[in-house]
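Q: Need coordinates for the below:
(chains A, B and C)
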Amino acid sequence: MTQAVSSTLLPPAFYQHEAVVEISRALLGKFIVTNFANRYTAGMIVETEAYAGPQDKAAHSYGNRRTLRTSTLFMGGGITYIYVCYGIHHLMNVVTGPPEMPHGVLIRGIEPVEGVDIMLARRQLPYLQHRLTAGPGSLTQALGISRVHNGFALTGNSPIWIEDRKIVIPSRCIMQSPRVGVGYAQEHQYRPWRFRIKNNSWTSPAK
DNA sequence: ACTAGGATGGTCT
DNA sequence: GACCATCCTAGTA
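A: The predicted structure is shown next:
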């Protein structure tokens, strides 16, 4: 397993401010790392979506809606928000904003970087292919993440964290478009808050 | 490449 | 009981 030479843990200050759309864009090119039972896996974030809490009809926390499920979103930036979608898929958000500001960024695609053999086994795939980590339900399975990791810190002392490995994604290499699967959000479904690294094959299908 | 349809269960009304 | 921030397979091309 290779350890990156120049990598730093993203600090709480990266997450704990209100500009969730900017954080969503800034997470492109950062690395999600998990280490469960000494099984080390990592991938570069290539696709995200911003969900701007109280003012966003697409967000679970729209109108400051606080339930058992959404309570994690109110706990302050720098932790995970993970929930089960369609009874099968575990989707991971990065919680952002100060405490009581329930913003989140959905991680929709990563490019596998370390522990590819472990990821393939978790996904029950015979060889490296696009669907290993393209799509929000696929990447969590590859990384070994499920709803039991809801509310985990991303900023240290945790089996899940996000690193800055000093990769810069120029804005000309970022595609911005409407979010996926949020038709229920009425007029807010068209907000262009989905971000992708252009020409990267590890994103979920274009729309 | 694309499309249609089924699987599946947590969450909230 | 309805609604999902989805993925897989099987079909056609």
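Q: low-confidence ranges in chain A?
A: The model of chain A has pLDDT under 70 over residues A:1-5, A:205-207.
Q: rerun that using 90 as the cut-off
A: Scanning chain A with the threshold set as pLDDT under 90 gives A:1-7, A:199, A:201, A:203-207.
Q: what residue of it is the furthest out?
A: In terms of distance from the mean C-alpha position of chain A, A:Pro126 ranks first, at 25.2 Å (Cα atoms, centre = their mean).
Q: if I look at the spatially closest residue to A:Trp202 that is not a sequence neighbour, how far off is A:His103?
A: Nearest residue to A:Trp202 in three dimensions, chain neighbours excluded: A:Glu111, at 4.2 Å (Cβ to Cβ, 6 or more residues apart in numbering). For glycine as for every other residue, the C-beta is placed from the backbone atoms N, C-alpha and C. A:Glu111 sits 25 Å away from A:His103, going by Cβ to Cβ, to the nearest Å.
Q: what is the residue nearest the centre of chain A paired to in the beta sheet?
A: For chain A, A:Ile107 is the residue whose C-alpha lies nearest the centre (Cα atoms, centre = their mean; 2.3 Å). Taking DSSP bridges as the rule, A:Ile107 bridges to A:Thr48.
Q: Also the one 4 residues further on?
A: Per DSSP bridges, residues listed as beta-bridge partners of A:Glu111: A:Met44.
Q: which residues touch it?
A: A:43-44, A:46, A:133, A:200, A:202 (Cβ atoms under 8 Å, 6 or more residues apart in numbering).
Q: what's next to the helix or strand where A:Arg196 lies, contact-wise?
A: Element membership for A:Arg196, per DSSP states H and E: strand A:194-197. Outside strand A:194-197, the residues that touch it by Cβ under 8 Å, 6+ apart are A:24-25, A:28-29, A:46-50, A:108-109, A:169, A:173-180, A:203.
Q: go on, stretch A:53-67?
A: A:20, A:51-52, A:69-70, A:73-74, A:83, A:97, A:101-104, A:179, A:182, A:184-189, A:191.
Q: redo that, cut-off 10 Å
A: Stretch A:53-67 has contacts (Cβ atoms under 10 Å, 6 or more residues apart in numbering) with A:18, A:20, A:49-52, A:69-74, A:81, A:83, A:93, A:95-97, A:100-104, A:106, A:178-179, A:181-189, A:191, A:193.
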